[in-house]
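1. How does the following fold in three dimensions:
(4 chains)
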Number of protein chains: 2
Amino acid sequence: MSVEQPDMPELKIESGSGLQTNVEPLQLGKRLREIRQSLSLTLEEASQRTGLARSTLSKIENEQISPTFTAVQKLANGLQIDIPQLFAKPRSAMASGRRVLTKSGEGTPHPTSTYEHELLSTDLARKKMVPFKTRVRARSFDDFGDWVRHEGEEFLLVLEGELALYTEFYEPVAMVAGDSMYYDANMGHALVSLSEVDALVLWVVAR
Amino acid sequence: MSVEQPDMPELKIESGSGLQTNVEPLQLGKRLREIRQSLSLTLEEASQRTGLARSTLSKIENEQISPTFTAVQKLANGLQIDIPQLFAKPRSAMASGRRVLTKSGEGTPHPTSTYEHELLSTDLARKKMVPFKTRVRARSFDDFGDWVRHEGEEFLLVLEGELALYTEFYEPVAMVAGDSMYYDANMGHALVSLSEVDALVLWVVAR
DNA sequence: CAATAAATTAGCATATAGGAAATATTTCCC
DNA sequence: GGGAAATATTTCCTATATGCTAATTTATTG
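-> Below is the predicted model:
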């Protein structure tokens, strides 16, 4: 049988790489200077906090040297920044004023054997969250071949009907309209409608 | 006047730092080895892809040397990984099997002058998303002192009633139950109820 | 167990990062 | 504008990362 993934249809939140062939300047020096100045620190002060010499800091900021990883650690430590943040593109390059409306029922349909998804806000790329409404057709846990499992975290709100949420490490729990659940999605999970009519839920996934 | 923040009540998704005083091993070598092996690459192959010498790679993996930042760049480039990911804590150390249920109406209340929030899943720390239901008391944009604005992205689903969503760079848009909106939260935004009864919405914020 | 591949280590040469002090630059105050 | 102090940059020396080659050790496989 085809072990499909009833959940998170086409969740290809492309992880950045892929097409981008550009080597990316990634001006660490400039970033560092911004951070230091935003903290109103002089090189001397930054030196004391990080344990790196004034001169070294200067050189790094002016991109005259390529800091050692230990140096980067000292920087991150002393200046209270975490490394991913240090290398992440400046926020400004990021999302600024995007907005997308999805009218009721106008989402992108995506039916499976157990769920009937309606993907929301589909024409927005690179979002942090993937929201969708789902009508739960399954009536038994056996309707699923196996646990649904994927990266990230999931928020679930019951909009209509009654259902049971099966999770790998807990007993099944019954939920009614208005109830919500937050869980780690790498833990197996599955929804089953309990009422006559299919339950309707809102799902939001974040990686 | 107290310029409060009607939105995102107490959103203190602590950014990792703060209390944690531990210097954090951050075993880059181990991480690198994992990545290389997950790609089924030999040191020789990795060497060719990255332009770093076999021996150098070995030393890095065994934490005998602290790679230069340029070396790290070559690594990221050659192995198709982006730097933040490289330094991010291994997923396994992260959320594994957490789960928290919030029954309807049992969230944590958090009233403001314009909104009446009900925070959901509050006893789960370090989540990627912050969900809450909000009853919109505001009846005019003037009820807000200024735009609400914060980091991250926001998903909004109208549960009951009618409202207008004001956003900084767009014309106000009317929404009814079932409609949803996804937008960048650093763009000013505010909700205003249009119907007699206060509108009820679900909000999910991700940084 | 043998044979092969892969990984680690060693030794050396070279390029480059890191620290201490000197020099240059900016800021600020009179 | 002219010092004086603060700040940043450069210089010089030492420490260390990187590349190369080759030897040794450690899996893998038949």
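
2. what about stretch A:30-37, near DNA strand C?
-> No - in this structure, stretch A:30-37 remains apart from DNA strand C according to CB under 7 Å from any atom of the strand; the gap is never smaller than 11.4 Å. All C-beta spots, glycine's among them, are computed from the backbone N, C-alpha and C.

3. so, in contact with DNA strand C or not, the helix or strand of chain A with the lowest mean pLDDT?
-> Taking mean pLDDT, DSSP states H and E as the measure, helix A:83-87 is the helix or strand of chain A with the lowest mean score, a mean of 77. No - judged by CB under 7 Å from any atom of the strand, helix A:83-87 and DNA strand C are separated, with a smallest distance of 14.4 Å.

4. after that helix comes which helix or strand?
-> Past helix A:83-87, further along toward the C-terminus, the next helix or strand under DSSP states H and E is strand A:99-102.

5. Can you spell out which helices and strands pack onto the least confident helix or strand of chain A?
-> helix A:28-38, helix A:69-78, helix B:83-87 (3 or more CB pairs under 8 Å, 6 or more residues apart in numbering or on different chains; DSSP states H and E).

6. With distance to DNA strand D and mean neighbour count as added columns, please give these in a markdown table.
-> Rendered in a markdown table, the data for the helices and strands packed on helix A:83-87 read as follows (distance: least, CB to the nearest atom of the strand, whole Å; neighbours: other CB atoms under 10 Å in any protein chain shown):
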| stretch | distance to DNA strand D | mean neighbour count |
| --- | --- | --- |
| helix A:28-38 | 7 | 16 |
| helix A:69-78 | 7 | 20 |
| helix B:83-87 | 14 | 18 |
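
7. With distance to B:E34 as added columns, please give these in TSV.
-> Listed next are these as TSV, based on distance: least, CB to CB, whole Å:
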stretch	distance to B:E34
helix A:28-38	24
helix A:69-78	17
helix B:83-87	11
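
8. Out of those, name the one with the poorest average pLDDT.
-> Between those, the one with the least mean pLDDT is helix B:83-87; it has a mean of 78.

9. After the host helix or strand of A:L191, heading C-terminal, what element do we hit next?
-> In the assignment (DSSP H and E), A:L191 maps to strand A:189-193. Per DSSP H and E, strand A:189-193 leads on to strand A:199-206 as the next helix or strand towards the C-terminus.

10. Let me know the average pLDDT across that next one.
-> For strand A:199-206, the mean pLDDT works out to 97.

11. quick one: that strand near chain B?
-> Yes - applying CB under 8 Å from any CB of the partner chain, one finds that strand A:199-206 is in contact with chain B at A:L202, A:V204, A:A206.

12. The first one - how many residues pack around it?
-> Residues contacting A:L202 under the criterion other CB atoms under 10 Å in any protein chain shown number 23.

13. Ok, A:R139 next?
-> Counted by other CB under 10 Å, the residues lying close to A:R139 total 12.

14. these two touch, right, A:L28 and A:F87?
-> Yes - counting by CB atoms under 8 Å, A:L28 sits close enough to A:F87 to count as a contact (7.4 Å).

15. Let me see the contact set for A:M181.
-> A:M181 makes contact with A:F155, A:L156, A:L165, A:V173, A:M175, B:R99, B:V100, B:L101, B:T102, B:S121 under the criterion CB atoms under 8 Å, 6 or more residues apart in numbering or on different chains.
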